[in-house]
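**Student:** Provide a 3D model corresponding to the input given below.
(3 chains)
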Amino acid sequence: MKIAGYYTLPVARERAYDALQDPVLLAQCMPGCESLEPLGEDTYRMRMKMILASMNGLFEGKVKIAEPSKPEEFRLVVEGNGKIGFMKGDGLLRLSETDGGTDVHFEGDVTIGGTIAAVGNRLVDTTAKMMIRKFFERMTEKVRSEAATA
Amino acid sequence: MISQPFEYSRPGTLAEALELLSGGSTKPLAGGMSLIPMMKLRLAAPEHLIDLSRIPGLDAISEGGGSIRIGALATHYGIESSALIRAKCPLLAETAGRIGDVQVRNSGTIGGSVAHADPSSDYAAALLALDATVHIAGRRGNRSLPYAEFLVDTFTTLLEPGELVEAIEIPAENPSTGSSYQKMVQPASGFAIVGVAARVARIAGKITFARIGITGLGSKAFRAVNVEALLLAGNAAAAAAAAGDGIEANSDLHASSHYRSQMVKVYCARAISTALSRAA
Amino acid sequence: MGTTLTETKTLVGQSVRRKEDPRLITGTATYVDDIQQPGMNYAAVVRSPHAAARIKGVDTKAARELPGVVAVFTGSDVAELGPVPCGASLPGLRVPYHHLLAQDRVYFVGHPVAVVVAHDRYIARDAAERVEVDYETVAAVTDSEKALAPGAPAVHPQWPDNLAFTFEQNGGDFAQAARDADVVVRQRITSQRLIPMALEPRGVVAEWRSGDKALTIYSSSQIPHLMRTLVAQILGIAENRLRVVAPEVGGGFGSKLNVYAEEALMGFVAMKTGKPVKWIESRRENFLATTHGRGHVDYLEIAAKKDGTILGLSLKLIQDLGAYHQLLTPAVPTLSVLMMPGLYRFRNIHATILGVFTNCVPTDAYRGAGRPEATHAIERIVDCLAAELKMDPAEIRFKNFVHNDEFPYLTATGLSYDSGNYAAPLEKALDLVSYSELRNQQAEARAAGRLMGIGIATYGEICAIGPSPATPAGGWESATVKIEPSGKVTVMSGVKVHGQGEETTFSQIVADELGVDMDDIVVLHGDTTLVQYGIGTFGSRATAIGGTALYFAVQDLKAKIKKFGAMMLNSDDVSFVGGRCVCNRSGKSVSLAEVAGASHRALALPPGTDPGLVATKFWEPPNFTFPFGAHIVVTEVDRETGGIKINRYVAVDDCGRIINPMIVAGQIHGGVAQGLGQALFEQAVYDESGQLVTGELTDYAVPKATMMPWIETGHTVTPSPVNPLGVKGVGEAGTIGCSPAVVNSVVDALSPLGVRHIDMPLTPEKIWTLIQGGAA
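**Tutor:** Below is the predicted model of the structure:
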């Protein structure tokens, strides 16, 4: 499934770029993420608990930051495996300066398999968008409050 | 199609149920039409199911003070066939009769549906159009919220852990108001690809009241205030055509985002037209 | 003295209520999941979640440690056993070795990787989750045309072109026909992958008695005897020590015309554990791992004169085979080629089949098995031709039908059509719909801006499969008829009834022939120890071949009955009528029960006659049979939504002699329901990475009663000369006639907008997009 869109972060591009690669911030902003432990070389082991409706799935996997081209773009790969299935998101994030902040354009692929693929077809789109939305909402909060306290 | 193991309790009173629900990984069970399939597919694995079906009075449908009060455990079929609801809240009866299929309607409940907050829920469109109120019971007391506020996002409501939807309250319909629920049905699941609930009233040919609830289009059901405004302004042609504007439409195997965003306009026009034909 | 003539009405030809139904409706039938054995364990199959991957390791420790788990088996445990068999052979066919469990690679989502055995099904399910398989995913390909493109991922590494076979068949000279033609119309036409969706998923119970070295396998199967022969080979046990029982089977539609890994696996598990074991498929497993149907991309060219005479047809058929061959996988598309000419006289054909591997579950027979695809394609392109020539679609068909005086008709593909009157069903159908008035209504509707369509399809089909040289395992059928000492009748048929009603229709035949009550006849089937070898039920063959074997067995019995009757009546001039042997001179008679008793008591025997009353017949059909018919569908398309409403569905079918009109109507209704499913609602969708996204019934839209139009059925009767019953077969005909009639109707509705073809399923969005002027 292809996904694309953009969100605006209320900070300068350099800061936005660093924030989006900061494992501490990523762990706080990725919905359900319980931990991101560095495995080395821009790769982190991820534990994520996805809660949606009554669905409850623990995913273990990896987050990888690749092809960095500071401050313009980088690739973010998230993969997780759990009992309810597996998922992989592979996206290119492009940052451009805008009035009052940075536009973060993302474009990529989401693949799911296992039970969630068989049953959740109508929800994949909605869920992926919701999780991305939540991610950026939290990231916005974090960078804003950080800028405020600076 | 076998769930994880779980404990099962069947409390006899609401207080007992709330007590049990304050414990760890618990989940209330009403009709089970959404929960049981997810448990069988192992997408959901509550450790303790609290079956509400034996709590007396939780399914009661009554009238008082100008509104209809529907107990959370009222089934879709119970609502569809209730003489009181058909008379005093026909939009809800019509919507209930379009949910899923016969088997789902015999078991599924309005409380379960409202708490579950599926983005394609048929009731959601109707309850928004009906200015419904949600009555919530909790160990620490009861509270009530407008449904529009209660519904937050995909599968997300303001229900706190341990709380239960106790009843839905809807103002009794003015007999001169016409209503209709029109739905594009996904043929495999029976879910709404889009669903539009419309209530309209007019005086001397001019629309004086309009409420449009739309489900299935985006991340949650919403009230199409832009459509309502155009109807009140006397611009019926533009009204339905504006349905869904500004909402990012869902996309799935059965309807692309583009098609869905066009169909919501078609079904909105049909809902308005039928509602008008039923209005005085 | 007056003679009273009592007219005995035969049961054959009447809508006798089915004997099967009371037990089916009251839930007292025995399906595989109803079978309980003392000490029985339960198995769960661990399946690959990936479409293509290397297996780096399988760790079963956590699963084995769960209390209640008896054993866990993986690929290495079954590596030495035989493969899941492919019964079809084609020149140059590449056959990947199909192990019972994946060895070092998985090839489709759902590919079995391990079997967990536990004390109950709940523990088995929990334990299955604990088996850890380390997969290294590789690229997958799920679209047949993409698999053929250069650079596509190789499904099987040893065959990077993903081609399992090519097949070519020529008749006459198509190239010349194309040169002689005034017009050549080309069209790409698909028949999409479908899920057969039998209501009862697959299930197996296996029991091993080590003292006797005897294995019993209960399986929801259409072919118990064939399965027994093949599973014995896989497991390396003696065929006569394997008993296969197919109890009540809740639908098959071709998906149970097969030998599956799980059938042999459960036998293996029973032998290894020494305890009976049961495995029942979930609906998800049924979707993932039971064979799918169809899977065609067809490129057609039809050459014709401008007066509508068809000169020839060319077909390039790209068949999506899936990752492996199941029993008949590569053979199914060859049936499409055989039926390319349909009901038409043209003699020039050119066909090529490309059998393509994909990372999907294998395709195999599904109601019609190759013939719905062929008929859909021919009937669609004939309509395209009619549109091109501005000819009425009924007129062009009448013009090209095989003539009544040309039967038996040798087709360009080498078939001999047995009998036919192809114009008759079409005439009757046109009459039923009042065709010219309907076209007037359509003109009025069009003037008012409404999209009304009238679709016609005339089909011919090949069934009663078939003469043994033309089949992979033999095409004859068997029947044994026994009359017990009390006069009750037992029939043992080699067919495997699974919804078609032969317990009733066979009883009707026997009741008429022997003059016994329907209730005094028991029809047994499905147990290889009880019933002599039989081929099974598929290809609309059970009555045409199995019923004929039964008929001949009964004739042998009647001859013996008359011998006994003659002896008992001391007469040399006896008739057997109304269940009694009558001396034509004296009028004295003896009942069948008396004859049966005497034949067993054997106080005296007629000369050269053995005691008892049993007859067995194995009957080899000299030819296939060829039913035909015409379906007409009236539709209206909702301009705003693309939704399709069927306002009228008329089916006139000719299945030869009709034994039970109610059962025949039921077969047409069921066939039409599945045809509608293909035309309007169903598609097995694999995404690019090989996930089956239509993985549950919430996304795979099987027609439900509320979605069905009223089906008006009519018949013409052109008996088949192939068998004495005159019966052709009707199980698949409804499906074959339906989808082209529906699509022709909707294309007709949209033709004012310039639409000439739409691929199935005709979803509202697809239609709506066409109406907006876009490509679907």
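**Student:** Just after the helix or strand containing C:L750, pick out the following helix or strand.
**Tutor:** In the assignment (DSSP states H and E), C:L750 maps to helix C:733-750. Going down the chain from helix C:733-750, the next helix or strand is helix C:764-771, by DSSP H and E.
**Student:** could you give the angle of that following helix to helix C:733-750?
**Tutor:** Interaxial angle, helix C:764-771 versus helix C:733-750 (axes from the mean of the first three to the mean of the last three CA atoms, to 10 degrees): 40 degrees.
**Student:** Report the buried residues of the helix holding C:L750.
**Tutor:** Going by neighbour count (16 or more other CB atoms under 10 Å in any protein chain shown), the buried part of helix C:733-750 is C:733-750. For glycine as for every other residue, the C-beta is placed from the backbone atoms N, C-alpha and C.
**Student:** So what's the residue count around the closest residue to C:C655 other than its chain neighbours?
**Tutor:** Distance criterion CB to CB, 6 or more residues apart in numbering or on different chains; nearest residue to C:C655, sequence neighbours excluded, is C:V730 at 3.8 Å. Counted with other CB atoms under 10 Å in any protein chain shown, residues neighbouring C:V730 total 29.
**Student:** same check, this time on B:L35
**Tutor:** B:L35 has 21 neighbouring residues, counting by other CB under 10 Å.
**Student:** and it, what pLDDT?
**Tutor:** Note on B:L35: pLDDT of 93.
**Student:** The residue nearest to C:C655: helix or strand, and which one exactly?
**Tutor:** If you go by DSSP H and E, C:V730 is not part of any helix or strand.
**Student:** swap in C:D212?
**Tutor:** Short version: C:D212 belongs to no helix or strand, going by DSSP H and E.
**Student:** Check C:M492 too.
**Tutor:** Per DSSP H and E, C:M492 falls inside strand C:489-493.
**Student:** Spell out which residues of chain B are next to chain A.
**Tutor:** Along chain B, the residues adjacent to chain A under the rule CB under 8 Å from any CB of the partner chain are B:27, B:34-35, B:38-39, B:41-46, B:116-120, B:153-155, B:186, B:189, B:191, B:219, B:248, B:250-254.
**Student:** 7 Å instead, please
**Tutor:** B:27, B:35, B:38, B:41-46, B:116, B:119, B:153-155, B:219, B:250-253 (CB under 7 Å from any CB of the partner chain).
**Student:** Sort out which of those are in helices and list them.
**Tutor:** Members of the residues of chain B next to chain A lying in helices (criterion: DSSP state H): B:35, B:38, B:116.
**Student:** A:P10: what's it in contact with?
**Tutor:** A:100-101, A:140, A:143-144 (CB atoms under 7 Å, 6 or more residues apart in numbering or on different chains).
**Student:** Distance check, it against C:S478.
**Tutor:** Distance from A:P10 to C:S478, counting by CB to CB, to the nearest Å: 82 Å.
**Student:** tell me which residues in the helix or strand where B:T274 lies are buried?
**Tutor:** Per DSSP H and E: B:T274 is located in helix B:257-278. Neighbour counts over helix B:257-278 (16+ other CB under 10 Å) mark B:259-276, B:278 as buried.
**Student:** again, but for stretch A:94-111
**Tutor:** Going by neighbour count (16+ other CB under 10 Å), the buried part of stretch A:94-111 is A:95, A:101-104, A:106, A:108, A:110-111.
**Student:** Any idea how many residues pack against the closest residue to C:G578 other than its chain neighbours?
**Tutor:** Distances taken as CB to CB, 6+ apart put C:G515 closest to C:G578, at 4.7 Å, once the chain neighbours are dropped. Counted by other CB under 10 Å, the residues lying close to C:G515 total 16.
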